[in-house]
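> Sequence and predicted structure below; questions after.
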Amino acid sequence: MPELPEVETTRKGVEPHLLGRSVVELVLRERRMRWPVDDAVLALEGQEITAVRRRAKYLLIESTTGTLILHLGMSGSLRICPHDTELRKHDHFIVRLGPNTQMEMRLHDPRRFGAVLWHPADAGDINNHPLLVKMGPEPLSDSFDSTVLAQACRGRNTSIKQRIMDNHVVVGVGNIYACEALYRTGIRPTKKAGKVSKVRLATLTRNIKDVLAEAIKQGGTTLRDFVNEDGKPGYFKQQLNVYGREGEGCHRCQSVIKRVVISNRSTFYCPKCQK
């Protein structure tokens with residue numbers, strides 16, 4: 001599944017093509033997504049795109065009439081291309097752009113776990129949308145700091161990995177980046193959140209921010225179903241220390257990387273470096 005860096009990479013890729021453009025037509029080729037695509041999204045037709053933002057893993061394409069909410073699901077990707085480019089089977093949603101352009105944005109989603117939703121301007125602040133209202137702070141913002149993480153972990157018996165992946169605590173710290181941040185901090189993923197010291201939580205906070213920022217800079221992680229907006233894969237996989245490396249040697253100590261399942265997620269760690 002595309003994680004926050006992949007979604008942010010996609011946002012940065014499509015923003016220059018969308019910002020200030022008018023939407024001349026929307027094409028719904030498949031309505032059967034995670035939730036059925038409603039005709040309400042057609043309210044974006046004829047409107048100028050005023051902002052392209054991201055909240056957690058949701059892309060928010062804004063206009064004066066409302067906000068188009070896109071989620072890439074497990075296999076979705078966005079691509080900017082000329083309108084006469086041959087359509088692919090799973091190009092489900094198309095935003096045709098104007099004026100004086102023959103370009104369009106296509107949502108390609110073979111598994112159809114993505115989402116295309118509309119939030120009208122008269123419904124109020126987009127952050128109060130049911131999908132967004134209970135979310136925690138963005139990990140790269142000043143709203144997420146060691147104090148926030150320490151409060152979220154205090155007295156908790158769940159694992160530290162579960163806490164930092166909880167979107168009520170902080171959004172967008174997916175499985176790959178949780179494993180990598182914990183490795184950098186030297187914390188075993190199974191350690192109880194309430195048992196991690198404030199000093200180590202402060203270091204973990206910094207490492208969460210660093211690993212996500214580095215992944216965004218490098219274009220996201222190379223996953224089977226993820227491509228950048230130009231169709232090219234990300235390259236952060238080259239920098240992974242533990243994720244997906246079960247049975248391989250630790251880059252620091254050469255101990256064998258182990259795998260354990262936490263909340264149905266494969267979790268990778270070094271048994272010597274992480275305590």
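Yep, that arrived.

> all strands in this structure, in order from the N-terminus.
22-28, 51-55, 58-62, 66-71, 77-82, 91-98, 103-108, 115-120, 258-262, 265-269 (DSSP state E).

> nearest to Arg252, of those?
strand 265-269 (12.1 Å; CB to CB). Yep, even glycine has a C-beta here, placed from its N, CA and C like the rest.

> mind checking how far His17 is from Arg200?
43 Å (CB to CB, to the nearest Å).

> These two: which is more packed in?
His17 (20 against 17; other CB atoms under 10 Å).

> Chain neighbours aside, what residue packs nearest to that one?
Distances taken as CB to CB, 6 or more residues apart in numbering put Ile80 closest to His17, at 4.6 Å, once the chain neighbours are dropped.

> The one you found contacts Glu15, doesn't it?
No - contact criterion CB atoms under 8 Å: Ile80 and Glu15 do not qualify, at 10.3 Å.

> quick one: average pLDDT of stretch 7-18?
For stretch 7-18, the mean per-residue pLDDT is 90.

> do stretch 259-272 as well
Rounded mean pLDDT across stretch 259-272 is 97.

> Just the buried positions in it, please.
Val260, Ile262, Arg265, Thr267, Phe268, Tyr269, Cys270 (16 or more other CB atoms under 10 Å).

> can you name the two of those residues that are farthest apart?
Arg265 and Cys270 (17.5 Å).

> that older thread, which residues does the residue nearest to His17 bridge with?
As for beta bridges, Ile80 partners with Met105 under DSSP bridges.

> how's the chain carved up into domains?
4-128, 146-269 (automatic domain parsing).

> Make a markdown table out of those and add distance to Gly136.
Below are those laid out as a markdown table (distance: least, CB to CB, whole Å):
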| stretch | distance to Gly136 |
| --- | --- |
| domain 4-128 | 9 |
| domain 146-269 | 5 |
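
> looking at these, which has the lowest confidence?
Among these, domain 146-269 carries the lowest mean pLDDT (a mean of 88).

> start to end distance for that domain?
Start-to-end span of domain 146-269 (CA to CA, to the nearest Å) is 22 Å.

> Any idea how far it is from the middle of the chain?
14 Å (CA atoms, centre = their mean, to the nearest Å).

> and the longest helix seen in the chain, what does it pack onto?
Identified as the longest helix of the chain according to DSSP state H is helix 198-218. Judged by 3 or more CB pairs under 8 Å, 6 or more residues apart in numbering; DSSP states H and E, helix 198-218 is in contact with helix 4-18, helix 146-153, helix 160-164, helix 175-185.

> possible to save these as a markdown table with distance to Asn241?
Output for the helices and strands packed on helix 198-218, formatted as a markdown table (distance: least, CB to CB, whole Å):
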| stretch | distance to Asn241 |
| --- | --- |
| helix 4-18 | 16 |
| helix 146-153 | 21 |
| helix 160-164 | 15 |
| helix 175-185 | 5 |
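
> what about the residue nearest to His17, how many residues close to it?
19.

> cool, Tyr183 as well?
Tyr183 - counted by other CB under 10 Å - has 27 other residues nearby.

> I'd like the strands of the chain as CSV, with distance to Lys191 appended.
What follows is these, written out as CSV (distance: least, CB to CB, whole Å):
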stretch, distance to Lys191
strand 22-28, 47
strand 51-55, 30
strand 58-62, 31
strand 66-71, 31
strand 77-82, 35
strand 91-98, 42
strand 103-108, 39
strand 115-120, 34
strand 258-262, 11
strand 265-269, 10
